[in-house]
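Trainee: model the structure of this input:
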Amino acid sequence: MAPRTRVLTFGSAAVLVVAGALCGILVSGVVGEVLAIGLVLLGLGGALLLLFFEVGLSEDRDRAREDERRRERAARRVHPGRRPRFQWPRRPG
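Mentor: Below is the predicted model of the structure:
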């Protein structure tokens, strides 16, 4: 996820939490309480979901890197079915 997108998504979740808190303070009665609970719930829930999404993306990146390293190591290895060629030791002198 691009840094700009990350800032916008987490920022919008924070704006919902702040808007909910302001509604709880400024709007009186049951309507204010319902707005406050709903907006804060949406903001915090959205932030939690975005956090889980970020963790999943980082795990996917790590897994892809590990797979690439594994493929590179396998390409450098000698085939397990082939035996290395035997060479007689050299004579001294």
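Trainee: can you pull out the helices in this protein?
Mentor: 3-26, 29-76 (DSSP state H).
Trainee: dump these into JSON lines; add mean neighbour count and mean pLDDT as well.
Mentor: All C-beta spots, glycine's among them, are computed from the backbone N, C-alpha and C. Listed next are the helices of the chain as JSON lines, based on neighbours: other C-beta atoms under 10 Å; pLDDT from 0 to 100:
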{"stretch": "helix 3-26", "mean neighbour count": "14", "mean pLDDT": "94"}
{"stretch": "helix 29-76", "mean neighbour count": "12", "mean pLDDT": "94"}
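Trainee: now the ones you listed in TSV, with distance to residue 88?
Mentor: Listed next are the helices of the chain as TSV, based on distance: least, C-beta to C-beta, whole Å:
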stretch	distance to residue 88
helix 3-26	62
helix 29-76	27
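Trainee: check contacts around the closest residue to residue 26 other than its chain neighbours.
Mentor: Once flanking residues are discounted, residue 26 sits nearest to residue 32: 7.1 Å by C-beta to C-beta, 6 or more residues apart in numbering. Residue 32 is in contact with 23, 24, 25, 26, counting by C-beta atoms under 8 Å, 6 or more residues apart in numbering.
Trainee: what's near enough to touch the closest residue to the second one other than its chain neighbours?
Mentor: If you skip the residues right next to it in sequence, residue 24 has residue 36 as its closest partner in space, 3.1 Å away by C-beta to C-beta, 6+ apart. Residues in contact with residue 36 (C-beta under 8 Å, 6+ apart) are 20, 21, 23, 24, 27.
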